[in-house]
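*Asks:* requesting a structural model of the entry that follows:
(chains A and B)
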Protein chains: 2
Amino acid sequence: MEYRRIKDQIASRNSLDISNSEDKDGDTGGDDIESLHGKSLSDVPSSNVATFGGTFSDRSKWKRKSMVTLALTVLTSSQAILIVWSKRAGKYEYSVTTANFLVEALKCALSLAALARIWRKDGVTEDNRLNTTLDEVSVYPIPAALYLVKNLLQYYIFAYVDAPGYQILKNLNIISTGVLYRIILKKKLSEIQWAAFILLCAGCTTAQLNPSSDHVLQTPLQGWIMAIVMALLSGFAGVYTEAIIKKRPSRNINVQNFWLYVFGMAFNAVAILVQDFDAVMNKGFFHGYSLITVLMILNHALSGIAVSMVMKYADNIVKVYSTSVAMLLTAVVSVFLFGFNLSLAFFLGSVVISVSVYLHSVGKSQR
Amino acid sequence: MEYRRIKDQIASRNSLDISNSEDKDGDTGGDDIESLHGKSLSDVPSSNVATFGGTFSDRSKWKRKSMVTLALTVLTSSQAILIVWSKRAGKYEYSVTTANFLVEALKCALSLAALARIWRKDGVTEDNRLNTTLDEVSVYPIPAALYLVKNLLQYYIFAYVDAPGYQILKNLNIISTGVLYRIILKKKLSEIQWAAFILLCAGCTTAQLNPSSDHVLQTPLQGWIMAIVMALLSGFAGVYTEAIIKKRPSRNINVQNFWLYVFGMAFNAVAILVQDFDAVMNKGFFHGYSLITVLMILNHALSGIAVSMVMKYADNIVKVYSTSVAMLLTAVVSVFLFGFNLSLAFFLGSVVISVSVYLHSVGKSQR
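*Replies:* Predicted coordinates:
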């Protein structure tokens, strides 16, 4: 109960939270989606995916895919724990917009640092050079626009649903991601993998059930429509980002990230001006920062990069599984760290999610 | 909420309820289980299964299997609805033991009527004659003994768990049935079918969740051990009954049922003497009977026969799926009949159960 209550409170805050960071990494555009339609991405021979300045064997690819997935899972779960920890330490006193800006800036800096290392080792090539064409960079703001609409809708949906209800409805993202992944990226899931995906959605929702969850069933039609539209926007932005990143398989991921994050910085700079201009002017850019704020910014930057890596070397489906498993890990770790009680619903949801992960991997062979 | 509350109340009554009737049909014994071990039942060629005085093609067998399964599902769900209806009409004033006795007697009479028809048509043969050997009939009381122990334990377990908690713990029966089905009947389930079975257990439990379900997690160790022992006893009795019935595939099911129900009558006659002797003596055998009591007895008798048929022509796994789906049907029908509200947990549980049914059938091809 306690765990879920705090989790709901977290979700209802418009601050550095898991959902924010998940979304943020899609706040960027890509090449013309129409041109992607012409050539199915699944047709791109995977041997073309040369990155970090070299090609990899199947085994190495599998290893890299596992590594980035594991990193995303661990970072996402530690993220939620940091949030709970910081809430225990007291209210946030800093401006959320400045923290978001710093996350984007840090990701930019880390991408540049990685690039510098590659340039020293392999020299500047067509694939890892930073400068780009208007054609490549022009669609980066499109997912950002999608997220803008989604975030605007977020304020209106609370007229129809409360915060815990919204948390439940957000699991529709899982279904919308699966459907749009199929439609836009034209990748096939086997029947068993579809069954697993439905189970993942049901399992995540079950794990988040609390005694007042039934309120969500009283959501009026407008609320449902908005929730579905938001899920579609969020899913579309995620899948679109994957399309952008995979469109140029040989392009170095750090260059792609750099451009993604430059747009992220720009959008967040505008947000500072609009929302927190006075606070920053009067109290300073770093007012209210603490050790934990710094840790959270670091964590968000790293998990943001992990999401991009998962998009490049795996896909949105893996991302959804990874963040779902992270939710379970967070809850279990919270039991030890904060003495939370796990509910029977959480246990049942975990069982369903675990079986779903198993079925997803078994279902692979049947595609 | 309302639906579950009433369902829990039903479960807490020691009267004609779904769980009772599920158990009752195993209140009978069978041939020596050791001799069954010698020859795996799955080795018996299915073409040997000649019943109703004739052999069937694969298509007819599939049709018959579907028919008995459908009958069991419809009868089980209408059973629960009758119970709710009768509760609405007021408290039971009749002696439960007399009703149970009449259910067994009616099943006996129906089996004899079916046999009479067969004798007229095909004459008395080795397979459909009523008289039997001591060897055939001697193990019939064994599952009855198992149920006796289980029902005794049922009184003690309430020292550790409340009625709704017990209802939740009873879902362990699903797992124990699967495990014992594998061990005793030596039949294999594919990995996907096992995954489906775990999901069925999680889905049924989720569908029954209510705001106070978390109490069950505070069950002391003794309570858990008793719940597990009871699940094993119940699962063992069910699987043992299947073993008995399938041991002699060519034996007419109505003869097997007749002997099962004769023992059922005997045990219930003893129960009347022990529990309700005074009430029956002072107020009469049929005191407190109403139209709905008669309908319930009729329904229990028919669903008891349906369980036997499912054991003969399908198996315990099909029985478990059938009764789980019946739970969903009952709830949905109750919405229309009694204006019950379905909870989000019920909806999620239903999704998981539905996917489980799908996976069970898909998993068949992989055995």
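
*Asks:* please count neighbours and contacts with C-alpha atoms only from this point.
*Replies:* Fine.

*Asks:* so where's the stretch 201-350 of chain A shaky on pLDDT?
*Replies:* For the stretch 201-350 of chain A, not a single residue meets the criterion pLDDT under 70.

*Asks:* burial measure for the residue in it positioned nearest to chain B, as a count.
*Replies:* Closest to chain B within the stretch 201-350 of chain A is A:P211: 4.9 Å, counting by C-alpha to the nearest C-alpha. Using other C-alpha atoms under 10 Å in any protein chain shown, A:P211 has 13 neighbouring residues.

*Asks:* in a helix, it, correct?
*Replies:* No. A:P211: not assigned to a helix; according to DSSP: H, G, I helix; E, B strand; the rest coil it is coil.

*Asks:* correct me, but A:N257 touches A:L110?
*Replies:* No. A:N257 is beyond contact range of A:L110, at 9.6 Å (criterion: C-alpha atoms under 8 Å).

*Asks:* higher neighbour count, these two?
*Replies:* Per other C-alpha under 10 Å, whichever of A:N257 and A:L110 has more neighbours is A:N257, with 22 against 18.

*Asks:* if I pick the closest residue to the more buried one other than its chain neighbours, what's in contact with it?
*Replies:* Of all residues not flanking A:N257 in the chain, A:S111 sits nearest, at 6.6 Å (C-alpha to C-alpha, 6 or more residues apart in numbering or on different chains). Counting by C-alpha atoms under 8 Å, 6 or more residues apart in numbering or on different chains, A:S111 touches A:N254, A:V255, A:N257, A:F258.

*Asks:* quick one: which helix or strand includes A:S111?
*Replies:* Element membership for A:S111, per DSSP states H and E: helix A:96-122.

*Asks:* how about the longest helix anywhere in chain A: buried residues?
*Replies:* Taking DSSP state H as the criterion, chain A has its longest helix at helix A:58-88. By neighbour count on 16 or more other C-alpha atoms under 10 Å in any protein chain shown, the buried set for helix A:58-88 is A:61, A:64-66, A:68-84, A:86.

*Asks:* stretch A:321-334 too?
*Replies:* Within stretch A:321-334, the residues that count as buried by 16+ other C-alpha under 10 Å are A:321-332, A:334.

*Asks:* could I get the residues you listed as a markdown table with secondary structure and distance to B:V124?
*Replies:* Converted to a markdown table, the buried residues of stretch A:321-334 look like this (DSSP: H, G, I helix; E, B strand; the rest coil; distance: C-alpha to C-alpha, whole Å):
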| residue | secondary structure | distance to B:V124 |
| --- | --- | --- |
| A:Y321 | helix | 63 |
| A:S322 | helix | 66 |
| A:T323 | helix | 67 |
| A:S324 | helix | 64 |
| A:V325 | helix | 63 |
| A:A326 | helix | 67 |
| A:M327 | helix | 66 |
| A:L328 | helix | 63 |
| A:L329 | helix | 66 |
| A:T330 | helix | 69 |
| A:A331 | helix | 66 |
| A:V332 | helix | 66 |
| A:S334 | helix | 70 |
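
*Asks:* all helices of the stretch 101-250 of chain A, in order?
*Replies:* With DSSP state H, counting those that start in this stretch as the criterion, the stretch 101-250 of chain A has helices at A:134-137, A:141-157, A:163-169, A:172-184, A:191-207, A:221-247.

*Asks:* pLDDT below threshold where in the stretch 51-200 of chain A?
*Replies:* A:51-56, A:86-92, A:144, A:147-148, A:151-152, A:154-155.

*Asks:* write out the residues of it neighbouring chain B.
*Replies:* A:I192, A:A195, A:L199 (C-alpha under 8 Å from any C-alpha of the partner chain).

*Asks:* A:F158 - nearest residue in space that isn't next to it in sequence?
*Replies:* A:F158's closest residue in space is A:Y166 (C-alpha to C-alpha, 6+ apart), at 7.8 Å.

*Asks:* would you mind measuring from that neighbour to chain B?
*Replies:* As judged by C-alpha to the nearest C-alpha, to the nearest Å, A:Y166 and chain B stand 14 Å apart.

*Asks:* run a quick neighbour tally on that residue.
*Replies:* 20.

*Asks:* against A:Y261, how distant is it?
*Replies:* Separation of A:Y166 from A:Y261 (C-alpha to C-alpha, to the nearest Å): 28 Å.

*Asks:* check A:L273 too.
*Replies:* Distance from A:L273 to A:Y261, counting by C-alpha to C-alpha: 18 Å.

*Asks:* same question, A:P164
*Replies:* For A:P164, the distance to A:Y261 equals 31 Å [C-alpha to C-alpha].

*Asks:* quick one: furthest residue from the center of chain A?
*Replies:* Distance to the chain centre peaks in chain A at A:N282, reaching 33.1 Å (criterion: C-alpha atoms, centre = their mean).

*Asks:* how far away is it from B:A80?
*Replies:* From A:N282 to B:A80 the distance is 68 Å (C-alpha to C-alpha).

*Asks:* same question for A:T132.
*Replies:* When A:T132 is compared with B:A80 (using C-alpha to C-alpha), they lie 69 Å apart.

*Asks:* how many other residues sit next to the nearest residue to A:G203 once chain neighbours are set aside?
*Replies:* Once flanking residues are discounted, A:G203 sits nearest to A:G349: 4.2 Å by C-alpha to C-alpha, 6+ apart. If you count neighbours by other C-alpha under 10 Å, A:G349 ends up with 29.

*Asks:* and the helix or strand containing A:G349, what other elements does it pack with?
*Replies:* Using DSSP H and E, the element containing A:G349 is helix A:344-363. Helices and strands touching helix A:344-363, by 3 or more C-alpha pairs under 8 Å, 6 or more residues apart in numbering or on different chains; DSSP states H and E, are helix A:191-207, helix A:316-338, helix B:191-207.

*Asks:* of those helices, give the one that comes closest to A:V139.
*Replies:* Nearest to A:V139 among these is helix A:316-338; the distance by C-alpha to C-alpha comes to 19.2 Å.

*Asks:* so does that closest one get close to chain B?
*Replies:* No. Among the residues of helix A:316-338, none lie within reach of chain B under C-alpha under 8 Å from any C-alpha; the closest is 14.6 Å away.

*Asks:* mind saving the C-alpha coords of that helix as PDB?
*Replies:* Extracted in PDB, the C-alpha atoms of helix A:316-338 (Å, rounded to 0.1, in the frame of the first residue of the first chain):
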ATOM      1  CA  ASN A 316      10.700  -0.400 -28.200                       C
ATOM      2  CA  ILE A 317       9.300  -3.900 -27.200                       C
ATOM      3  CA  VAL A 318      12.500  -4.600 -25.200                       C
ATOM      4  CA  LYS A 319      12.300  -1.100 -23.700                       C
ATOM      5  CA  VAL A 320       8.800  -1.700 -22.500                       C
ATOM      6  CA  TYR A 321       9.800  -5.100 -20.900                       C
ATOM      7  CA  SER A 322      12.800  -3.500 -19.400                       C
ATOM      8  CA  THR A 323      10.900  -0.700 -17.700                       C
ATOM      9  CA  SER A 324       8.200  -3.100 -16.500                       C
ATOM     10  CA  VAL A 325      10.800  -5.400 -14.900                       C
ATOM     11  CA  ALA A 326      12.400  -2.200 -13.400                       C
ATOM     12  CA  MET A 327       9.100  -1.500 -11.700                       C
ATOM     13  CA  LEU A 328       9.200  -4.900 -10.000                       C
ATOM     14  CA  LEU A 329      12.800  -4.500  -9.000                       C
ATOM     15  CA  THR A 330      12.100  -1.000  -7.500                       C
ATOM     16  CA  ALA A 331       9.300  -2.400  -5.400                       C
ATOM     17  CA  VAL A 332      11.300  -5.300  -4.100                       C
ATOM     18  CA  VAL A 333      14.300  -3.100  -3.300                       C
ATOM     19  CA  SER A 334      12.000  -0.600  -1.600                       C
ATOM     20  CA  VAL A 335      10.900  -3.400   0.800                       C
ATOM     21  CA  PHE A 336      14.500  -3.600   2.000                       C
ATOM     22  CA  LEU A 337      15.400   0.100   1.800                       C
ATOM     23  CA  PHE A 338      12.200   1.700   3.000                       C
END
